[in-house]
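> No sequence on hand, only this structure:
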């Protein structure tokens, strides 16, 4: 059974993950409005990934016979000054999520909740990948801001649909929705 502290913090993290999904949708919509479909598509995919992270956490809570709470999320940032800003917001968000997941792991460890600590390990690994991906995208967007068509080609080539599903990922509530 998961520790009470961990359950509380994991339910908070569910809200953070849904909030991240909303922020990514807001960025995607903004890029769509700018007629940048590759950047929009990248952020739409990121939104689904963050939503799925929340659903994995919900499934863990259900499996641990703990209360799963779906909290409200804050309004995402929906307007941006230039094409770089949404990526910077995303990178800052990923760094914050990394800190939050690390705190979750620390809570589990402090409570001797080793099963919950193990659960957090996949998310820690995922955050390394997310920060690397957003850092790369930020560098490309900063360099390509004066040639958007070339930037869109780069995003399509380098940041496309991705590698597919990770067989080591935790199961998500609702299955493969």
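Ah, there it is. None of these values were measured; they are calculated from a predicted model.
> Report the central residue of this structure.
Compute the mean C-alpha point of the chain, and by C-alpha atoms, centre = their mean the closest residue is residue 50, 3.8 Å away.
> Wait, it touches residue 15, no?
No - applying C-beta atoms under 8 Å as the test, residue 50 and residue 15 come out as separate, 11.5 Å apart. No exception for glycine: its C-beta is placed from N, CA and C like everyone else's.
> hang on, the earlier thing: how about the backbone phi and psi for the residue nearest to the centre of the chain?
phi -70, psi -40 (degrees, to the nearest 10).
> for it, what are its contacts?
17-18, 20-21, 24 (C-beta atoms under 8 Å, 6 or more residues apart in numbering).
> Which pLDDT value belongs to it?
The pLDDT attached to residue 50 in the predicted structure is 96.
> any idea how far residue 149 is from residue 37?
Per C-beta to C-beta, to the nearest Å, residue 37 is found 11 Å from residue 149.
> In stretch 148-165, which residues are buried?
148, 151-152, 154-155, 159 (16 or more other C-beta atoms under 10 Å).
> Please identify which of those is nearest to residue 116.
Lowest distance from residue 116 to these (C-beta to C-beta) belongs to residue 159, with 32.5 Å.
> Helices of this protein, start to end?
Secondary structure of the chain (DSSP state H): helices at 4-33, 37-63, 85-110, 114-144, 148-158.
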